[in-house]
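Requesting a structural model of the entry that follows:
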Amino acid sequence: MPEHTDTAPPALTFGQRVQRARERTGKTRTVVAGLMDQSTEWVKAIETGRIGMPRLPKLLRLAHVLGVEDITELTGEERLAASTYTKAEHGELPTVKQALTSYQLTADGREPEPADVLTARVRRAWQMWHDRDPRTAHGRTVEGNRTRIVRLLPALLADAQHSSRTLDGADRRRALTALAETYHLAQLFLSFQPAPDLVVLTGDRAMAASQDADSPRAIAAAAWYVNHVHRDAGEAAEARVDLAEQAAALLTDDSDPDHIARRGLLYLAVALSYAKTGQAGDAWRYWDKADAAARRLGDDYAHPWLIFGRGIVDGYAITMHCDLMQPVKALEVAESLDLGQIPSATRRSYHLIESARAHGMLGEGTAAVSLLGKAFSESPETIQYNLHTRSVLPGLVKTGPRMVRDDALVLAQDLGVPV
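Got it, this is the predicted structure:
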């Protein structure tokens, strides 16, 4: 007689549960991919465990596509930690919300800030955003980029709004351009924050101010941030291709480096949007256009506050390969990426996080933890509010390579990520 044991069969993984639900409905991977606005390779990567459980909004959508009413049918006994699926809130978020939703309806008698002074203040604010965080003698961060910028935003917004209402002619248009850029700074503060309504609000206001300024340059920047910030914040992930193309068509001076840079940035926005939805051919076609713009400008060029140049074109290629489920190709780009060509600590930190994401997709936890540590050194508040980092750290602490579990735990504690 066969020997009986009490050994239970191994529990199904999340990916195996997804595959079981898909096959039960008779849907192919291609069909599920289309309904999810993802690539077939993304569905395959989910089912084979190359990428883990998506964040809650996408998880709920996947359950709906698969006809699953009880989400635990997909998750099994895996715990859905709130910290994994919610955005961390910066302590000064209420301050920014109040600044954005306060209105001065009557004249207060004060003189408007001159347009050139307003522009200089905005340039200084951009520099503070991109600068590496100041440290103490013991290497601890004094304050992060979000914390620094929030000190300036309320007054800068109020003064830019007042000047754009009060000044006339060319000065008013310059004030409106400064106002649009101030909204961009607010958008960056709000990205990865639990305030999607404010992200949309700042994007719309920036575009409106840019159009009122009748400035193709300002409109192009606004179109970039409508794409870039909304996509990275997890809101409005659909491609805003028409908007980017219309804005690029306004930049007609092919001899002006600023026009070339902003046009290249919009091509990059389209490339990123197509990669997010798994349309590889279109994604790389537009990346090639951005690459051509960067090559025209030269390896030493970087836009003073949009940071377009050789460095971020290569850096965002890592993101595109990751979104297209091509981690090996992402790491090939990462190996040759020159961070010195990216004069922004926040952007350097982001591209390091994306390189860590590629290692994570390949199950290379040691390299992932190392790169996340480097990203933290570049810009602690960039990584602190990054959704990918917050979602993977608990797993690296518990089941990552033993030699780096302690490092992952320290990083999680520094970032305030419950494990």
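
per-residue confidence for residue 30?
We have a pLDDT of 88 for residue 30.

With residue 235 instead?
Looking at residue 235, its pLDDT reads 46.

swap in residue 4?
Note for residue 4: predicted pLDDT of 52.

Repeat that for residue 73.
Residue-level pLDDT assigned to residue 73 equals 87.

same check, this time on residue 132
We have a pLDDT of 90 for residue 132.

Sketch out the low-pLDDT regions of this structure for me.
1-10, 57, 77-86, 107, 136-142, 230-239 (pLDDT under 70).

Can you check which helix is longest in it?
When the chain is parsed with DSSP state H, its longest helix is helix 169-190.

and the angle for the helix or strand following it with helix 169-190?
Moving toward the C-terminus from helix 169-190, the next helix or strand (DSSP states H and E) is helix 196-213. Angle between the axes of helix 196-213 and helix 169-190 is 160 degrees (criterion: axes from the mean of the first three to the mean of the last three C-alpha atoms, to 10 degrees).

mind listing what's buried in stretch 23-39?
27, 29, 32-34, 36-39 (16 or more other C-beta atoms under 10 Å). C-betas here are computed from N, CA, C, even on glycine.

quick one on the thing from earlier: show me what the longest helix of the chain is packed up against.
If contacts are counted by 3 or more C-beta pairs under 8 Å, 6 or more residues apart in numbering; DSSP states H and E, helix 169-190 sits against helix 93-100, helix 115-130, helix 145-150, helix 153-166, helix 196-213, helix 216-232.

Any chance of JSON lines for the ones you listed, columns distance to residue 382 and mean neighbour count?
Putting these into JSON lines (distance: least, C-beta to C-beta, whole Å; neighbours: other C-beta atoms under 10 Å) gives the following:
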{"stretch": "helix 93-100", "distance to residue 382": "16", "mean neighbour count": "16"}
{"stretch": "helix 115-130", "distance to residue 382": "10", "mean neighbour count": "17"}
{"stretch": "helix 145-150", "distance to residue 382": "7", "mean neighbour count": "21"}
{"stretch": "helix 153-166", "distance to residue 382": "17", "mean neighbour count": "20"}
{"stretch": "helix 196-213", "distance to residue 382": "17", "mean neighbour count": "20"}
{"stretch": "helix 216-232", "distance to residue 382": "11", "mean neighbour count": "24"}
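
looking at those, which is closest to residue 60?
Of all the helices and strands packed on helix 169-190, helix 196-213 sits nearest to residue 60, with 15.5 Å by C-beta to C-beta.

helices or strands next to that closest one in the packing?
helix 93-100, helix 169-190, helix 216-232.

10 Å - rerun?
helix 93-100, helix 153-166, helix 169-190, helix 216-232, helix 241-249 (3 or more C-beta pairs under 10 Å, 6 or more residues apart in numbering; DSSP states H and E).

Quick one: closest of those helices to residue 357.
Using C-beta to C-beta, the helices and strands packed on helix 196-213 put helix 216-232 closest to residue 357, at 12.8 Å.

got the helices and strands packed on helix 196-213 as TSV, with distance to residue 311 columns?
Output for those, formatted as TSV (distance: least, C-beta to C-beta, whole Å):
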stretch	distance to residue 311
helix 93-100	29
helix 153-166	27
helix 169-190	18
helix 216-232	16
helix 241-249	21
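
hmm, back to that, is it possible to get a markdown table of the helices and strands packed on helix 169-190 that adds distance to residue 250?
Shown next, in a markdown table, are the helices and strands packed on helix 169-190 (distance: least, C-beta to C-beta, whole Å):
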| stretch | distance to residue 250 |
| --- | --- |
| helix 93-100 | 27 |
| helix 115-130 | 21 |
| helix 145-150 | 28 |
| helix 153-166 | 21 |
| helix 196-213 | 10 |
| helix 216-232 | 4 |
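
Out of these, which gets nearest to residue 45?
It's helix 216-232; of those, that one is closest to residue 45 (C-beta to C-beta) at 19.8 Å.

relative to helix 196-213, how tilted is that closest one?
Counting by the same axes, to 10 degrees, helix 216-232 lies at 170 degrees to helix 196-213.
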